[in-house]
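A.B. asks: below: sequence and its predicted model.
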Amino acid sequence: MAKMTDDVFVEEVRAVKKTAFGIAFLILRNTPDCEDAMSAAIVKAYEHRSKLRKRDSFRAWFLQILRNECCTILRGRRKVVQTEKLPEQEPGFSDPARALDLRAALMRLPEQSRNALYLREQGYTLEEIAEITDVPAGTVKSRISRAKESLRLMLEDA
């Protein structure tokens, strides 16, 4: 691929921004850390944009960089304090109590399953999710299936 221009880079980042922030929030669970991870991922992606072979792969490539930045932040934490709700872009319901039940159930899922399910709901293919999370597509499919079943059971009990 020819060198990615600044305008194309900005366009690609804008296209993936909402999904990326949602993923960062699912991993880090607080807005300031999400903003730090997003900033660091954008800088790294910009610095290494010449390594991207196909523009079509930008989303998966960027989200993998973001995931790595989130992991770096998690390693740097000494104590995790959960003080915020999920961001507003999460799926909403007309019944606020039902939405809170779903959010609570989502946060009880293992992080890997929660991330795979979130990416799938954002329209990513199994192959793209596998590339982002660095696991085989079959593993992604299993995680999504188990996450949906767990959510169903949790919400039936609620």
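C.D. replies: Okay, I see it. Numbers count the residues shown, from 1 in each chain.
A.B. asks: switch to C-alpha atoms for all contacts and neighbour counts from now on
C.D. replies: OK.
A.B. asks: ok, which stretches of the chain are helices?
C.D. replies: All helices of the chain, identified by DSSP state H, fall at 6-28, 31-47, 58-76, 96-108, 111-121, 126-133, 137-157.
A.B. asks: which stretch in those is the model least sure about?
C.D. replies: Per-stretch mean pLDDT for the helices of the chain is lowest at helix 96-108 (a mean of 71).
A.B. asks: middle-most residue in the protein, spatially?
C.D. replies: For the chain, the residue nearest the mean C-alpha position is residue 23 (2.0 Å; Cα atoms, centre = their mean).
A.B. asks: my read is that it contacts residue 118, right?
C.D. replies: Yes. Between residue 23 and residue 118 there is a contact under Cα atoms under 8 Å: 7.4 Å.
A.B. asks: how far away is residue 135 from residue 60?
C.D. replies: As for residue 135, its distance to residue 60 is 13 Å (criterion: Cα to Cα, to the nearest Å).
A.B. asks: looking at the two, which one has more neighbours?
C.D. replies: Neighbour count, other Cα atoms under 10 Å: between residue 135 and residue 60, residue 60 has more, with 19 against 12.
A.B. asks: so who does that one touch?
C.D. replies: By Cα atoms under 8 Å, 6 or more residues apart in numbering, residue 60 lies in contact with 128, 129, 131, 132.
A.B. asks: which member of those is positioned nearest residue 108?
C.D. replies: Nearest to residue 108 among these: residue 129, at 20.6 Å, using Cα to Cα.
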